[in-house]
Structure formats: structure tokens, C-alpha cells
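**Student:** Here is my input, please return the structure:
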Amino acid sequence: MEVGLTTAVIFAAAWIGKGTVIALSPKQFIPPGAFLLMLLLIPLVPYLWIAGNPFLCVMFLGGVASLLRWPIVYLGRFIRAKMNGDPFEGPKFDFYK
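**Tutor:** This next block holds a predicted model:
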């Protein structure tokens, strides 16, 4: 299979579309959907980097940060708590009540 820019852009656009659908879904579906999207990022980001160019990948990661802003916020809080030696309390998922 050839590594082409067209397929990488199609996969990235499909990821953004899936993220938008998950963001518009009811609250109980958002955490599992966010974890699925993060798992799909693992092969997609290097594929986009290799097929396109680094600027295209950085633009895509900006869109990812826009959609998955709360996991990024919690990652920053986790890193800051570990650097300061403070205990970290993760997100409270009360969606399942």
C-alpha cells in the first residue's frame, strides 16, 4: 500500500467527523468515545506526518486539541501535580448515574 497524502487527509477528516459526532452525543457516550478517539490517534498522527508534512500534522493536532480539550487539561493538571508532589484527583465521571 502506498503512503499517500490523499488517504491521510481522508482519515484525518473522518477522525474530526467522528469527534464532532461524539461531542454532540449524550453525556454518557462522551468518555468512552473520547478514549476511542485517543486510541485512533496513535497510528493516525505518524501516518499523517509521514504522508504529508509536519505542518499538516501540527494543524491536525490543533484540531484534536480543540475537540479533546478536557483530557489535555487533565493531563496538564496531572503533570503539574506530579512535579509539585501534590496528590492528583482525576476527573469525576458522574455521567452514569
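**Student:** how about the helices of the chain, start to end?
**Tutor:** Applying DSSP state H to the chain gives helices spanning 5-23, 30-51, 54-67, 69-84.
**Student:** looking at the ones you listed, which has the lowest confidence?
**Tutor:** Lowest mean pLDDT of those: helix 69-84, a mean of 84.
**Student:** buried sites along stretch 52-71?
**Tutor:** By neighbour count on 16 or more other Cβ atoms under 10 Å, the buried set for stretch 52-71 is G52, L56, C57, F60, V64, L67, L68, P71. The C-beta positions use only the backbone N, C-alpha and C, and glycine is treated the same way.
**Student:** Also stretch 31-38?
**Tutor:** Buried residues in stretch 31-38, counted by 16+ other Cβ under 10 Å: P31, G33, A34, L37.
**Student:** Tabulate those residues (JSON lines), appending distance to G19.
**Tutor:** Formatted as JSON lines, the buried residues of stretch 31-38 follow (distance: Cβ to Cβ, whole Å):
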{"residue": "P31", "distance to G19": "13"}
{"residue": "G33", "distance to G19": "8"}
{"residue": "A34", "distance to G19": "8"}
{"residue": "L37", "distance to G19": "6"}
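**Student:** Out of the residues you listed, which comes closest to A13?
**Tutor:** L37 (13.7 Å; Cβ to Cβ).
**Student:** measure the residue of the chain most remote from its centre to I30 for me?
**Tutor:** Distance from the C-alpha centroid of the chain, by Cα atoms, centre = their mean, peaks at G85 (26.9 Å). Computed as Cβ to Cβ, to the nearest Å, the G85 to I30 distance reads 31 Å.
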